[in-house]
Each structure stands twice: as C-alpha cells, then as structure tokens.
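S.K.: Here is a sequence together with a model predicted from it:
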Amino acid sequence: MRLPRLLLAAATLTALTACSGGGGGGVDGTPGAAGLRDPYFPKAGNGGYDVGHYDLALAYDPDAGHLTGTATITARATQDLSAFNLDLKGLDVENVTVEGREARFNRAGQELTVRPPDELDDGETFRVRVRYSGEPETITDPDDSQEGWLPTDDGAVGLGEPVGSMAWFPGNHHPSDKATYDLAVTVPEEYGVVSNGELTDESTSGGRTTFRWHTAEPMASYLATVAVGDWRISRSATGDGLPVYTAVDPTQETASRPVLAQLPAIMKWERDTFGPYPFSSTGAIVDRPGDAGYALETQHRPYFPGAPDTGTLVHELAHQWYGDSVTPKSWRDMWLNEGFATYAEWLWSEDHGGDSAQEIFDALYDGDYFDDEAANEAVWAFPPGKPPDAPHISDSPVYQRGAMVLHRVRQTVGDDAFRALLRDWAAAHRHGNADTDDFTAFVEKSAPGKDFTEIWEDWLFGDGKPERP
C-alpha cells in the first residue's frame, strides 16, 4: 500500500532535480521532538505524533521481579516524520518494528528513538511494536515519593503520576496525549491482576493465568495501573446499574468493608453533583499499607494503600470527572485535578451533616484547620496556578488553596450557578484536556457581568495570603 506513494515521491524528486540542475530535492521529514516542553517535566511526552491505542502484552514473575513485554502502539503522525521518540526508562529493548518492518532504534536516558524504514507522512496512521524485558524500576519523584513499578510483599503495582508509567511500558507519557488500552498480563496462577476498564477474559494454562483488560475511553498514561497480588474480588452494581469492581488485599478486607459499602451512595451523590459518570465502571483497589505512599486516581478504580476513609474515597472518585476525564494539558494545571477533588470533599461534608464549605474555607484562612501550625502556613506558600517547580506540584496550595479558588468562584456566582458550572465544565471537556486559561475563560463566559479579576489575580496567581473576601 505504500508503493504508489513511494513511486510518486520518487517521480517528484526526479522532476525537482531536473528543474534545479541536479542540486534540488524533495522535502524530507524531520525527527519528532524528544519532549513536549512541559513546564515541570520537559522531557515527558514526545512530539510528532498522537497515540490512539496501546495494546500491551506483559508477563511478570513476582519472585524474580522480571517483566517481559510487547507494546503495540497505534498512532497518527502530526508531521512528516523521519524519526520519533517513545518514553521508556530502564528495561532492555530487544526489537522494534514499524508497520511490521524492522526499525533502527537507540536509547538515551528515558528516550527510545525509533527510525522507521520509510518516512511517515503527516496524517498517516502507523503501528510501532516494541519488545522489551528486564526488572522494571521504581522511580523517585522530585518530591521524593515513589512511582513506576513498586514491588509489594505479594506482587507489584504500577503507578504513574506524573511520569512513572514509562517504567513498565513505552509510550507518549504526557497527560496531553490520551488513548484507549488493551492490556494482557500473565502471572503465576496463584496471583491476580487488576487494571483499568473491564476484565474481558481470564484463562489459565500451564500454571500461569492471563488477565485481559480493556479500556474503551481515552486515558492518560499516568492513570494506567497494573496491580498484581492476592485479591478478594467483589462485583456488584450501583442502584442505576453502573458496574462496580473492587479488589481488596485480604489483610484489608475487614477494615475496608464499611467505607466500600458507601461507594454506591458516593457515586450517586457525585453523579448528581458533577453530571453523568464518564466511564463504563467504577470501583477501588485496596492494597496493603506501605505498598505505596499515597492514594491515586487510577482510571475507573482508584488505588489505595490500605483501607481508605470516606473523605479519601470521595476525593479519588471525584477525580474520575476532574483529572481522569477532564485531564490537564500540562502538569502546571495540577490544581484543576486536586482543587476540584478537594472541593468535592468539602461539598460532601456540607451535604452530609459535616462542616460547610464556608466553614472549611474560614478555618483554612484563619490558620486553624490543621493541628500543625506549619501545615496551616504551608497553604499560602505559593499560588495554586503556578507551583514554583516540579517538587511542589502536589503540595498543599494546589489542594487546599485550589479548593479555595473554587469557593471564591461559588461566592461570586451563587450556589445554583456554581453547581451548574461544575457539571458544565465536566461536560465541556469530557474525555479531553484543559488548562487554567480554559477554566478561567469558561467561568467568565458562564457568568457574564461578574468580575473575577480579584479571584484570578490574588487567589489563583497571587503570592501570599489575599485579603479576606
């Protein structure tokens, strides 16, 4: 199918050479960028193409800590490409093909540079296959938390925020490039595997079991997960038929039962508050305490290191709308994830007999929300719209002061208009990406005649503690 295009290119080149007396030539493609110049993770992601689908076939031996993988990536070129990069940290690459033909490649840090046998045209859909293996890495973030591939006492878990997914599969690892996924993971038969989306098949042969998971909705790679271990699986549904799939480590089963029993009610409240649920199922993964240092909004079913409390479950499920469906364009926009999920906790408290959002706002402003004085002061360390650097994108101002920005918007537009804004924002960017400028423009358009200057200048982007409204 490529032959006619190549013949045409050759004919064009001949004509150009003849016209220029032998010194001319066709316009060649150029390499895609090795990073997307994210403000905080400039090497994350790659230019020149958009990924549409990942098909990952993995085999993991927990005893040896060894991973074998084949990643088949379907993408579309966004420029004429002579080469392109994939993010992959560690692991040994054995073979790369593009459109079924051997491709040259080389490694440099987290960059896997692929040179296809034939130039890829702007707009062309292509398929690259990477075979790789080795012991996947645990990556230490700039804030000293750990992500990537985390071995556990009974298996392992892959967690990706912000760039950890490159430790276990090659890809375009930036939140701005979302894709659908098929994931097949083979493990010894005494282990289970939980991932995103829907479990489509489970088969055992020769002492090994393969679990096949399918994610039909677009997903940023940092939200992908693989959790290998011993799980107590529960399948149920919410009152309106949404499938619920939970996987709980046996040591956490008793402690988790009361809070997970609230999941259908939380989902109903969040759907009433934020609008239609953007995915095909919900649930949770509850691992052992210490297996990871944080909960994470992995798509469809969030991950928890130990039994969560109600507020944490509300927070991570709210991320399914804000962060997972409406995904930031860059890591500078982290407050659009965490400010919204934190404010969801405030609204849940307000609607269920706890402190109102105004009372929480006042406590934070007055410096008596946290028991620790340093924690209260940390809320004002920097504005949520511009964290100073990568180590601070998950600090308190992004969460608490981000939520305070939303409360100031609510104070300005009124309760009914604010509730509508929450739903409309989630609908307007469903399964897409958005940044802070998109949000401020959306708010201003939704409330013509209202003045948000003080909110944006002082609360979202201003240094220090703003004056009390």
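M.R.: Received, thanks. Residues are numbered from 1 along each chain as shown.

S.K.: Okay, now the unreliable bits of the protein?
M.R.: 1-27 (pLDDT under 70).

S.K.: what about the helices in it?
M.R.: 3-19, 253-260, 263-274, 310-318, 335-351, 357-366, 373-378, 396, 402-413, 415-428, 436-446, 453-454 (DSSP state H).

S.K.: With distance to residue 71 and mean neighbour count added, can I get those in CSV?
M.R.: No exception for glycine: its C-beta is placed from N, CA and C like everyone else's. Listed next are the helices of the chain as CSV, based on distance: least, C-beta to C-beta, whole Å; neighbours: other C-beta atoms under 10 Å:
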stretch, distance to residue 71, mean neighbour count
helix 3-19, 27, 11
helix 253-260, 33, 16
helix 263-274, 32, 18
helix 310-318, 27, 22
helix 335-351, 26, 23
helix 357-366, 44, 17
helix 373-378, 40, 13
helix 396, 37, 22
helix 402-413, 34, 22
helix 415-428, 31, 16
helix 436-446, 31, 16
helix 453-454, 48, 12
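
S.K.: Need these in a markdown table (columns: distance to residue 51).
M.R.: Converted to a markdown table, the helices of the chain look like this (distance: least, C-beta to C-beta, whole Å):
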| stretch | distance to residue 51 |
| --- | --- |
| helix 3-19 | 23 |
| helix 253-260 | 33 |
| helix 263-274 | 27 |
| helix 310-318 | 25 |
| helix 335-351 | 21 |
| helix 357-366 | 39 |
| helix 373-378 | 37 |
| helix 396 | 34 |
| helix 402-413 | 29 |
| helix 415-428 | 23 |
| helix 436-446 | 22 |
| helix 453-454 | 39 |
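
S.K.: how about the ones you listed, which one is nearest residue 226?
M.R.: Judged by C-beta to C-beta, the one of these that comes nearest to residue 226 is helix 310-318, at 17.8 Å.

S.K.: Quick one: work out the angle between the closest one and helix 415-428.
M.R.: Computed by axes from the mean of the first three to the mean of the last three C-alpha atoms, to 10 degrees, the angle separating helix 310-318 from helix 415-428 equals 50 degrees.

S.K.: which helices and strands sit right next to helix 310-318?
M.R.: For helix 310-318, the elements it packs on are helix 253-260, helix 263-274, strand 282-287, strand 303-305, helix 335-351, judged by 3 or more C-beta pairs under 8 Å, 6 or more residues apart in numbering; DSSP states H and E.

S.K.: now do 6 Å
M.R.: When contacts are defined as 3 or more C-beta pairs under 6 Å, 6 or more residues apart in numbering; DSSP states H and E, helix 310-318 sits against helix 263-274, helix 335-351.

S.K.: Between strand 282-287 and the shortest one, find me the angle.
M.R.: If I follow you right, that is helix 263-274. Angle, helix 263-274 to strand 282-287, by the same axes, to 10 degrees: 130 degrees.

S.K.: ok, now the last one?
M.R.: With the same axes, to 10 degrees defining the directions, helix 335-351 sits at 100 degrees from strand 282-287.

S.K.: Just the CA atoms from helix 335-351 would do, formatted as CSV, please.
M.R.: Output of helix 335-351 as CSV, limited to C-alpha atoms (Å, rounded to 0.1, in the frame of the first residue of the first chain):
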residue,chain,number,x,y,z
TRP,A,335,-4.8,22.4,40.6
LEU,A,336,-7.6,21.6,38.2
ASN,A,337,-7.3,18.0,39.4
GLU,A,338,-6.6,18.5,43.1
GLY,A,339,-8.6,21.7,43.8
PHE,A,340,-11.7,20.1,42.3
ALA,A,341,-11.3,16.8,44.2
THR,A,342,-10.6,18.6,47.4
TYR,A,343,-13.6,20.8,47.0
ALA,A,344,-15.7,17.6,46.3
GLU,A,345,-14.7,16.6,49.9
TRP,A,346,-16.0,20.0,51.2
LEU,A,347,-19.3,19.6,49.3
TRP,A,348,-19.7,16.0,50.6
SER,A,349,-19.2,17.3,54.2
GLU,A,350,-21.6,20.1,53.6
ASP,A,351,-24.3,17.9,52.1
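
S.K.: Give me the distance from that helix to the chain's centre.
M.R.: Once both centres are worked out by C-alpha atoms, centre = their mean, to the nearest Å, helix 335-351 turns out to sit 19 Å from its chain's centre.

S.K.: The chain should start at 46 in everything you say after this.
M.R.: OK, 46 is where the count begins now, so the last one is helix 380-396.

S.K.: ok, back up a step: any chance of the helices and strands packed on helix 355-363 in CSV with distance to residue 411 as columns?
M.R.: Formatted as CSV, these follow (distance: least, C-beta to C-beta, whole Å):
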stretch, distance to residue 411
helix 308-319, 27
helix 380-396, 16
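
S.K.: ok, residues contacting stretch 362-371?
M.R.: Stretch 362-371 has contacts (C-beta atoms under 6 Å, 6 or more residues apart in numbering) with 268, 311, 315, 319, 323, 342, 344, 382, 385-386, 389, 471, 474-476, 479.
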